[in-house]
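In: Got a predicted structure plus its sequence, pasted below:
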Amino acid sequence: MMRSWIHFTRGRIVRQARVGLGDLREEHLSRHGFQGPVAMIYRTDGPNEIVRVEGDYRARAVDSGDVVASDADDPRGDWQIMLSNNEVAVAISRRRQPMPYCYRNVAADLLYFAHRGSGIFATEFGPIAYEPGDYICLPKGTTFRHLPDGRDQVLLVVESPGPIRLSEHENVGRHAPIDPTMLEVPDVVDYGFAAQNEYEVRLRHGVGEGAGHSSIFYKNDPLRAVGWKGDLFPFKLNIRHILPIMSDRIHLAPSSWATFEAPGFAVLSFVPQIAVADLNAEELPSYHRNIDMDEVMLSHADADPSGRRPGLFRHTPQGILHGAPEAYRAEFQKKREPGQRRTGVSVGVDTYRPLTPSPEFAKMAG
Ligand SMILES: [Fe+2]
């Protein structure tokens with residue numbers, strides 16, 4: 001989207017956005033995430049004091065630990081789709097038992113994020129052991145078995161028909177926010193799985209609510225490989241290895257924290273970092289309406305017990321105003337001091353086309 005340098009001002013404003021607001025409230029109305037044309041609207045009253053809502057177009061939130069997915073109890077079960085459009089589906093897997101088959105998504109790249117639980121993705125490229133905070137990227141067509149350890153599993157699953165790639169942040173060099181050699185890439189092993197008469201490869205075809213399964217049975221073990229080479233492979237990256245792009249003078253827009261991108265969406269990592277030190281500048285995110293993007297957020301962890309509750313899964317449809325309400329802001333401002341840090345870890349999926357909540361998610365959110 002083309003940006004222009006033609007900006008107008010009318011009425012009372014602050015010249016440097018987010019700094020020195022005084023009695024003003026600043027509301028950020030923007031196109032194309034935070035990258036397109038923008039208006040900052042100034043008010044003297046809080047714009048997000050909701051009295052009531054009518055209709056179905058609204059933000060929704062559930063605790064991801066309450067999500068019921070059929071893969072929790074049935075090894076042949078599926079993750080639960082929460083939201084989807086033609087370009088991406090966002091789901092939650094609660095898988096507790098090993099996949100009794102090899103799995104191959106022939107319609108989409110898969111990006112898992114392990115919120116709770118550990119285990120192994122046994123792939124034909126080699127094993128990828130995971131722990132909380134790991135992103136596991138399995139390109140379309142990768143053959144694997146998901147072998148969870150234990151029963152406490154909450155994994156975010158992002159299905160993308162378009163290829164998922166690491167986001168470029170060209171202005172900050174090649175080693176931040178991610179040094180590419182921090183990716184963990186598997187090596188072939190002999191898994192030592194017991195021999196079988198036939199090996200099932202369960203194909204997932206279609207994306208999101210339209211996905212279906214078919215199985216092809218092979219004589220030889222599809223996970224047995226003795227080597228591989230190329231520039232197409234699964235990998236993992238722990239969110240703690242992401243070094244944030246940050247400023248202690250202005251709250252940067254979340255697009256600074258994009259980790260992965262694919263046609264139609266970006267995956268953002270919110271990681272601990274220094275807070276805005278200038279007490280005259282806003283530390284909390286502005287009131288904002290991203291009129292071109294739906295926002296999905298999973299809170300992963302927070303070192304501060306009074307911070308955002310880990311496990312909360314939220315969807316804010318495009319155009320819905322959000323931002324902490326007035327009472328929270330006033331309380332927060334009172335406690336601010338230089339040197340403060342942001343303690344939360346969250347993962348976001350921001351999409352350019354509207355997402356449709358699944359009936360199950362809509363029901364769970366009430
Ligand atoms: Fe937002």
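Out: Nice, thanks for sending it over.
In: alpha carbons only for contacts and neighbour counts from here, please
Out: Noted.
In: and the next element down the chain from the biggest strand by length in the chain?
Out: In the chain, taking DSSP state E as the definition, the longest strand is strand 143-160. Sequence-wise, the next helix or strand downstream of strand 143-160 (DSSP states H and E) is strand 165-166.
In: ranges for the strands of the stretch 201-350 of the chain?
Out: Along the stretch 201-350 of the chain, the segments classed as strands by DSSP state E, counting those that start in this stretch run 212-218, 235-238, 258-262, 265-270, 273-274, 287-290, 294-302, 312-316, 341-342, 344-351.
In: what about those, which gets the closest to residue 33?
Out: Residue 33 sits nearest to strand 287-290 of all these, at 5.7 Å, using CA to CA.
In: ok, back up a step: so what secondary structure elements neighbour the longest strand of the chain?
Out: With contacts defined as 3 or more CA pairs under 8 Å, 6 or more residues apart in numbering; DSSP states H and E, strand 143-160 has these neighbours: strand 89-93, strand 102-105, strand 109-123.
In: Within the sheet, what are the partner strands of the helix or strand just after the last one, with directions?
Out: Going down the chain from strand 109-123, the next helix or strand is strand 126-130, by DSSP H and E. For strand 126-130, the pairing partners within the sheet under DSSP bridges are strand 109-123 (antiparallel).
In: which SS class is residue 360?
Out: Under DSSP: H, G, I helix; E, B strand; the rest coil, residue 360 falls in the helix class.
In: With residue 330 as the reference, measure out to the nearest residue to residue 326 once chain neighbours are set aside.
Out: Ranked by CA to CA, 6 or more residues apart in numbering and with sequence neighbours excluded, the top spatial neighbour of residue 326 is residue 46, at 5.9 Å. Distance of residue 46 to residue 330, given as CA to CA, to the nearest Å: 11 Å.
In: between the two, who's got more neighbours?
Out: Applying other CA atoms under 10 Å to residue 46 and residue 330 shows that residue 46 carries more neighbours, namely 18 against 11.
In: so which strand or helix has the more buried one?
Out: For residue 46, there is no host helix or strand (DSSP H and E).
In: Can you give me the distance of it to residue 173?
Out: In terms of CA to CA, residue 46 sits 39 Å off from residue 173.
In: just residue 167 next, same as before
Out: Applying CA to CA, the value for residue 167 to residue 173 is 12 Å.
In: Between the two, which has more neighbouring residues?
Out: Between residue 167 and residue 173, counting by other CA under 10 Å, residue 167 is the more crowded of the two (19 against 11).
In: residues near residue 191, how many?
Out: Each residue near residue 191 was counted by other CA under 10 Å, and the total is 14.
In: Need the pLDDT of residue 3.
Out: What the model reports as pLDDT for residue 3 is 76.
In: Give me the contact list for stretch 211-226.
Out: When contacts are defined by CA atoms under 8 Å, 6 or more residues apart in numbering, stretch 211-226 is touched by residues 102, 122-125, 143-144, 188-191, 197-206.
In: Quick check on those: which are buried?
Out: Among the contacts of stretch 211-226, the ones that count as buried by 16 or more other CA atoms under 10 Å are 102, 122-125, 143-144, 188-189, 199-205.
In: what about the protein, any weak spots by pLDDT?
Out: Applying pLDDT under 70 to the chain picks out residues 1-2.
In: care to break it down by domain?
Out: Using automatic domain parsing, the domain parsing of the chain gives 25-48+243-365, 68-239.
In: Serialize the ones you listed to JSON lines and add fields for distance to residue 58.
Out: Listed next are the domains of the chain as JSON lines, based on distance: least, CA to CA, whole Å:
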{"stretch": "domain 25-48+243-365", "distance to residue 58": "7"}
{"stretch": "domain 68-239", "distance to residue 58": "14"}
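In: Of all those, which one comes closest to residue 18?
Out: Closest to residue 18 of the domains of the chain is domain 25-48+243-365 (CA to CA; 5.4 Å).
In: Just give me how far that closest one sits from the chain centre.
Out: The chain centre lies 12 Å from the centre of domain 25-48+243-365; the measure is CA atoms, centre = their mean, to the nearest Å.
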